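S.K.: Below are the sequence and a predicted model; questions follow.
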Amino acid sequence: MKKNKNSKGKIIPEEKSFFEKHAWWMIGGIILLTFFLYWNSLKGDFLNYDDTENVVNNVQIQHLNFTHFFTTSNLYMYSPLTFISYALDYKIDGLHPYFFKLANLILHLINVIFVFVFSNKLLKKKNLSILITLLFAMHPINVDTVSWISTRSNLLCTMFFLLSLILYFIYLEKNNYLYLILSIIACCLSLLSKSTAVMLPFVLLGIDYFRKRKMNLKLILEKAPYFILCLAVGLLAIYFRTDSGTTQNITNYNLFDRILIICYSLLAYIIRAVFPFHLSEIYGYPVKVNGFLPLWYYISPIIILLIVFAIYKMKSLKREIIFGIFFFLATIIITQIAMLEDGFTADRYTYLPFIGIYFIIAVAYDYFSSRFHKIKIILRSVFLILLFFFSILTYQRSLVWMNTLTLFNHAIEQSPDAAFAYNSRGIAKFSGNDFDGALIDYNAAIKFNPSYSGAFYNRGIVFYATQDYEKALNDYSKAIELNPNFASAYSARGILEMDILKNDSLAIIDYNKAILINPTFAQAFYNRGIAELRMNDKTKACNDFWTVKNMGYSQADDLIDQNCH
């Protein structure tokens, strides 16, 4: 605390500012406002968009088996703490979406508090820390992470990530290695929530740069445990990856195209941080015309180079802007490399990285308002208006995530060329027995992306349900041709071969391929067991039925009782 002298020369402490006095009351107000903005989203359903695989049909969360969660992966990710959290939700309230969504919101509110503490440790200015916290709490781009049950990994990862950074700051302040150890433990928990936390040690180096710490042996040794942990969990994530082929990698871009797309994505994110309008749950990948991407993709690297040059030439706020940009890049770049079918400029990737952008906004506001007093009121008014609009957009977007149809209707409205959105809406329509509507959406998905294996597979399911077996077989085979690692397509074709073509041996070949690709595919084991039983190979059939039972599924119990004793 600063001190002044009175007229008699006595030292008196300087009076605390309004923000110093009332910071925690303001944080409490932010938490209440945030809870209100997301209140309606708690009434939503499970979505037929990863929620089905992660929660609804995941029998493992019905048993709090720590060994299972730490030795297997779910939906291509090694994130045991995330699935343990689902298991805890199930234990508390069963398979009801309300509590799963409430848990997401509670985690977001905890993160709001951690953002304030982290920002205050970083800047030592409560007014700016509150501004950053407001942006984080109410920015509409965060709705995708908070309202979608399947982004629980984002929330948990961010919570432990920020906790690790806070504990690292306390270690620097107190020079007490206990806090460094606790920070490393928090880093480990973040990694076990989502492997993207591997960038945490780089953020710590960014903090050292911001605090002007000298590079020396001690600084390097501090980071060694973090890097070792990140390497170990990163290798585990690769080892336990069980990609069953139900997602589609974007493969029609060369290396140069991918670099351009990443540059464009980074600029698009930065623009959305300030102007979050026309947000969509799914954005369509750019279409190449005559071998070329749209013009803006070629311009984007030039704009990035100009920004880098401008930062290099800056005299004021240079360190602050470099830190904010570095925080943003370090935490988002790893999400841009894979280019999954629903990953193009996906808003859920910004939940943690945007803290770096909010940091730049806050320090820029402080710089200009303190030096140009005439515009201080204008700046304050602009921020209040901006936050007002953010809160309205957040409230509106939380309603979009109520159910699968509202979600993908909105996504298609915002991105009419997003093949993934049509495919996903088709799944929702099929689940509601709207076979004609599902077929129209799958056709649209194939039109926008002719190599979309998932859309062919799903259209095959519609044809099978409507007893057009020849078309179903053709679509399953086309899905496999486009994606040879599509386990579900092999399994579906096997069912058709077994039940319709009455060719059990051919079906077993497809089930074998499905199981080879995804060794945890219980339905494929079960179906193969039936085919083997029909071919009078009881030994193999019983082995498959017991495998299904050991996975936690009960569908083979009757067959085991009848044939396996």
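M.R.: Thanks, I have it.
S.K.: Would you mark the buried spots in stretch 99-108?
M.R.: 99, 100, 101, 102, 103, 104, 105, 107, 108 (16 or more other Cβ atoms under 10 Å). Placement of C-beta: from N, CA and C, glycine included.
S.K.: Could you dump those residues into a markdown table and include secondary structure?
M.R.: As requested, these are exported to a markdown table (DSSP: H, G, I helix; E, B strand; the rest coil):
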| residue | secondary structure |
| --- | --- |
| 99 | helix |
| 100 | helix |
| 101 | helix |
| 102 | helix |
| 103 | helix |
| 104 | helix |
| 105 | helix |
| 107 | helix |
| 108 | helix |
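S.K.: Can you tell me which of those is closest to residue 551?
M.R.: The shortest approach to residue 551 among these belongs to residue 100, at 22.6 Å (Cβ to Cβ).
S.K.: Residues contacting stretch 452-471, please?
M.R.: 245-248, 341, 419, 422-423, 426-427, 430, 435, 438-439, 442-443, 445-446, 449, 472-476, 478-480, 482-483, 486, 488-489, 492, 496, 500 (Cβ atoms under 8 Å, 6 or more residues apart in numbering).
S.K.: circling back to that earlier point, between the buried residues of stretch 99-108, which sits nearest residue 276?
M.R.: Distances from residue 276 to these, taken by Cβ to Cβ, are shortest for residue 108, at 16.7 Å.
S.K.: Give me the spatial nearest neighbour of that closest one, chain neighbours excluded.
M.R.: Take residue 108 and drop its neighbours on the chain: the residue closest to it by Cβ to Cβ, 6 or more residues apart in numbering is residue 146, 4.7 Å away.
S.K.: and that neighbour, how many neighbours?
M.R.: 26 (other Cβ atoms under 10 Å).
S.K.: quick one, what contacts it?
M.R.: 38, 41, 104, 105, 108, 155, 398 are the contacts of residue 146 under Cβ under 8 Å, 6+ apart.
S.K.: residues near the closest residue to the fourth one other than its chain neighbours, how many?
M.R.: Nearest residue to residue 105 in three dimensions, chain neighbours excluded: residue 38, at 5.2 Å (Cβ to Cβ, 6+ apart). Residues near residue 38, counting by other Cβ under 10 Å, number 23.
S.K.: Quick check, residue 38 in contact with residue 106.
M.R.: No: counting by Cβ atoms under 8 Å, residue 38 does not reach residue 106; the two are 10.4 Å apart.
S.K.: Which strand or helix spans the residue nearest to residue 105?
M.R.: Using DSSP states H and E, residue 38 sits in helix 18-38.
S.K.: That helix - contacts with which helices or strands?
M.R.: With contacts taken as 3 or more Cβ pairs under 8 Å, 6 or more residues apart in numbering; DSSP states H and E, helix 18-38 sits against helix 97-123, helix 126-138, helix 143-147, helix 376-400.
S.K.: make it 6 Å
M.R.: helix 97-123, helix 126-138, helix 376-400 (3 or more Cβ pairs under 6 Å, 6 or more residues apart in numbering; DSSP states H and E).
S.K.: Give the buried residues for the last one.
M.R.: Same thing as helix 376-400. 383, 386, 387, 390, 391, 393, 394, 395, 397, 398, 400.
S.K.: right, and residue 293 touches residue 285 too?
M.R.: No: the pair residue 293 / residue 285 is not scored as a contact, 9.8 Å apart, by Cβ atoms under 6 Å.
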